[in-house]
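In: dropping the sequence and predicted coords here.
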Amino acid sequence: FQFGRFNYPLQGAGRRPRVMGILNVTPDSFSDGGNYQALEFALGHAEAMIEEGVDIIDIGGESTRPGSPPVSLEDELQRVMPVVYALRDLGPAISVDTYKPQVMREAIIAGVDMINDINGFRVPGAIDAVRDSDCALCIMHMQSDPQHMQLAPSYADVVDEVIAFLRERIDALLEAGIDPRRLCIDPGFGFGKTVEHNYALLKATGRLIEETGMPLLAGLSRKSMIGAVTGKPVERRAAGSVGGALAAVAQGAIIVRVHDVADTVDALKVWQAAQ
Ligand SMILES: Nc1nc2[nH]c(SCCc3ccc(S(N)(=O)=O)cc3)nc2c(=O)[nH]1
């Protein structure tokens, strides 16, 4: 089953883990300092990632790091859509990181290959927005919302609860008639989790895949869970992030969402050579 420009199934054997490069087109991107807001900067960054071997470029117009305020629909469309149109014929698959149904609709019209929803398609209208297309869909777990999620993350059992959430969202999408082969899941590292919660989820990558029956995307690049164990600031977390990506891939993750594309591409080539 192929999705748009994804020339590989998210499911099944013969999998090579794919690298999703982060393209923030926000003024306050948590790790890129927002210097990609202008279209020319965005295109320069995208071209650099293409050179480095990126498989998917994830375009995000609203920063969802902890404490970040929401962005208006108009602002998000103005930031995201010009970049989508500029990148869609450059080669790599394109995903759009949004929870707004109208942004999903316009991205799909523009022919994106994936909608990446940190909110798990819970906003009313989100499922309708993506139903009548063949693009891939990433369902991510988040506790609460970006403005409040890190105030007091709490779970009886974080792995059980994340699995239950993802299964409920998968069921909602399937009940709407969406092809299961379009779906992938994501534990949502840093979205309403303590460092301990994040590592419990990373350790449970295989279980998440097993118990949802879906391919898994892992996005831990440069996040506080990396800083917590390395002691490194955001701009020096590439090696730790690659370590985390490999920990997820070794347990079956099929896509890793990263800032440091070249490093991750090289690490996955070496890992793959030993499979
Ligand atoms: N599918 C998917 N999409 C994503 N979009 C983002 S934006 C990152 C927001 C952020 C930054 C930093 C921290 S922290 N405090 O843990 O360092 C948390 C969240 N992330 C992900 C992710 O993982 N998957």
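Out: Arrived safely, thanks for sending.
In: got the buried residues for the host helix or strand of residue 168?
Out: Assigned by DSSP states H and E, residue 168 falls within helix 158-175. For helix 158-175, the buried set under the neighbour-count rule, 16 or more other C-beta atoms under 10 Å, comprises 158, 159, 162, 163, 165, 166, 167, 169, 170, 172, 173. For glycine as for every other residue, the C-beta is placed from the backbone atoms N, C-alpha and C.
In: report the mean confidence score over it.
Out: Mean per-residue pLDDT for helix 158-175: 98.
In: check stretch 238-256 too.
Out: The model assigns stretch 238-256 a mean pLDDT of 97.
In: mind listing what's buried in it?
Out: In terms of neighbour count (16+ other C-beta under 10 Å), stretch 238-256 has its buried residues at 238, 240-242, 244-249, 251-256.
In: related to what we said a few turns ago, I'd like the buried residues of helix 158-175 laid out as TSV, including distance to residue 260.
Out: Putting the buried residues of helix 158-175 into TSV (distance: C-beta to C-beta, whole Å) gives the following:
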residue	distance to residue 260
158	27
159	27
162	26
163	29
165	29
166	27
167	32
169	29
170	30
172	34
173	31
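In: what's the most distant pair in the buried residues of stretch 238-256?
Out: Greatest spatial distance among the buried residues of stretch 238-256 (C-beta to C-beta): 238 and 252, at 23.1 Å.
In: so where do the strands sit in the stretch 1-150 of the chain?
Out: 18-24, 56-60, 93-97, 114-117, 136-140 (DSSP state E, counting those that start in this stretch).
In: for the residue of the stretch 51-200 of the chain found nearest the ligand, what are its contacts?
Out: Going by C-beta to the nearest ligand atom, the ligand is nearest to residue 190 of the stretch 51-200 of the chain, at 2.4 Å. Going by C-beta atoms under 8 Å, 6 or more residues apart in numbering, residue 190 touches 65, 66, 150, 198, 220, 223, 224, 225.
In: wait, does the helix or strand following the helix holding residue 168 make contact with the ligand?
Out: Proceeding N to C from helix 158-175, the next assigned helix or strand is strand 183-186, under DSSP H and E. Yes - Strand 183-186 lies within reach of the ligand by C-beta under 6 Å from any ligand atom, at residue 186.
In: closest one to residue 42 among the strands of the stretch 1-150 of the chain?
Out: For the strands of the stretch 1-150 of the chain, proximity to residue 42 was assessed by C-beta to C-beta; strand 18-24 is nearest, at 6.1 Å.
In: helices or strands up against that closest one?
Out: helix 39-51, strand 56-60, strand 255-258, helix 261-273 (3 or more C-beta pairs under 8 Å, 6 or more residues apart in numbering; DSSP states H and E).
In: need the winner for burial among those.
Out: Mean neighbour counts were compared across the helices and strands packed on strand 18-24 using mean count of other C-beta atoms under 10 Å; the top stretch is strand 255-258, at a mean of 27.
In: and that one, is it in reach of the ligand?
Out: Yes - with C-beta under 6 Å from any ligand atom as the criterion, the ligand is reached by strand 255-258 at residue 257.
In: where are the low-confidence patches of this structure?
Out: In the predicted model, the chain carries pLDDT under 70 at residues 1-14, 27-37.
In: what residues does it put near the ligand?
Out: So the chain meets the ligand at 30, 64-66, 97, 116, 118, 138, 140, 186, 188-191, 217, 219, 223-224, 257 (C-beta under 6 Å from any ligand atom).
In: hmm, try it at 5 Å
Out: Residues of the chain found near the ligand (C-beta under 5 Å from any ligand atom) are 30, 64, 65, 66, 116, 138, 140, 186, 190, 219, 223, 224.
In: buried subset of those residues?
Out: Buried residues within the residues of the chain next to the ligand, counting neighbours by 16+ other C-beta under 10 Å: 30, 64, 65, 66, 116, 138, 140, 186, 190, 219, 223, 224.
In: against residue 149, how distant is the fourth one?
Out: Using C-beta to C-beta, to the nearest Å, one gets 6 Å for the distance from residue 66 to residue 149.
In: for the second one, same thing?
Out: Per C-beta to C-beta, residue 64 is found 9 Å from residue 149.
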